[in-house]
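Peer 1: Could you look at this predicted model? Sequence included:
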Amino acid sequence: MLHLKMNPYILIPTDFSDVCQNALIHGAELTRTTSGRLLILHVINKETKTYLARINKGPEYINVKLRNLADGINKDYGVQVEYLSRQGSIFKTISKVSKERDAKMMVMGTHGKNGIQHLVGSAAMRVISSVDIPVIVVQKRIFGEGFKKIILPLGLETDFLDKLDWVVEMANLYGSEIHIFQLESQDKKISNTMSDVGNLIASKLQMENIPYQIKTSDKEEKFTRDLLDYAIIQRADMIISTMENSNIEPFINPGNEEEKLIYNTSQIPVMCIHPG
């Protein structure tokens, strides 16, 4: 299945921070690669209204800022850019707009501490969970030459084929090498199941002529840390993971593990995919 065809919309929420500007650049590069359309969105919520009151401006000022962003991206990247401001809750409005425009992907900047809104921690996780489309979460790491080396964590999720479709599509877009990072469980039944899934994924990548490697980890209690260490060593450009029941990968330990993955200190972009 090709998700990014027929002029797809790529949605970029912004609070006008530097990290959201970086997300916009990532989105522009993706849009140029897929011949799609970029949609820049700002949700006017209580934080925005407080900001506007402080600088003595009305809501039209947001549209001026959005138009300037859109004009700059169009000039620099030559892609179709639209912009939209809408009042409401960030969590509800972003999801609603993504459905209205039939967006196929969203790129979201986090740690926007110098912007109007601060999408960090649980707030960012709520935004990611609120939409039905893949979300590429970026920090301040620049786009570079694209997503040439992708890490694919392999856990016990039942809808791994949804993730695999996106892995194949991104790999074909950027000529990527895939690194399957597989947990080797002490439970023999689980280990055999995961091995079977890994072989199935490898077969699919072989059919698509996509280069890949398989790395196993037996650090069940510290899987996220081991995964990120491996990603750093490999100089990965992206990690692709699934979201299930509002958590990243069901095999990762509960708590703050999903946030550790998304807000990794190496600032590797993480593509979060919803199963089904």
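Peer 2: Done, it's in.

Peer 1: all contacts plus neighbour counts: C-alpha atoms, from now on.
Peer 2: OK.

Peer 1: host element of the most far-flung residue of the chain relative to its centre?
Peer 2: Of all residues in the chain, residue 56 has its C-alpha farthest from the mean position, at 34.8 Å, by CA atoms, centre = their mean. Assigned by DSSP states H and E, residue 56 falls within no helix or strand.

Peer 1: Could you count how many residues lie near residue 93?
Peer 2: 21 (other CA atoms under 10 Å).

Peer 1: how about the helices in the stretch 101-250 of the chain?
Peer 2: In the stretch 101-250 of the chain, the helices defined using DSSP state H, counting those that start in this stretch lie at 121-130, 160-174, 188-207, 223-233.

Peer 1: Would you format the ones you listed as CSV with mean pLDDT, distance to residue 136 and mean neighbour count included?
Peer 2: As requested, the helices of the stretch 101-250 of the chain are arranged in CSV below (pLDDT from 0 to 100; distance: least, CA to CA, whole Å; neighbours: other CA atoms under 10 Å):
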stretch, mean pLDDT, distance to residue 136, mean neighbour count
helix 121-130, 80, 9, 18
helix 160-174, 87, 12, 18
helix 188-207, 86, 22, 15
helix 223-233, 91, 16, 17
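
Peer 1: Now tabulate those helices in TSV and tack on distance to residue 52.
Peer 2: Listed next are the helices of the stretch 101-250 of the chain as TSV, based on distance: least, CA to CA, whole Å:
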stretch	distance to residue 52
helix 121-130	22
helix 160-174	39
helix 188-207	50
helix 223-233	40
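
Peer 1: do you know which of those helices lies nearest residue 80?
Peer 2: Proximity to residue 80 (CA to CA) singles out helix 160-174 among the helices of the stretch 101-250 of the chain, at 18.9 Å.
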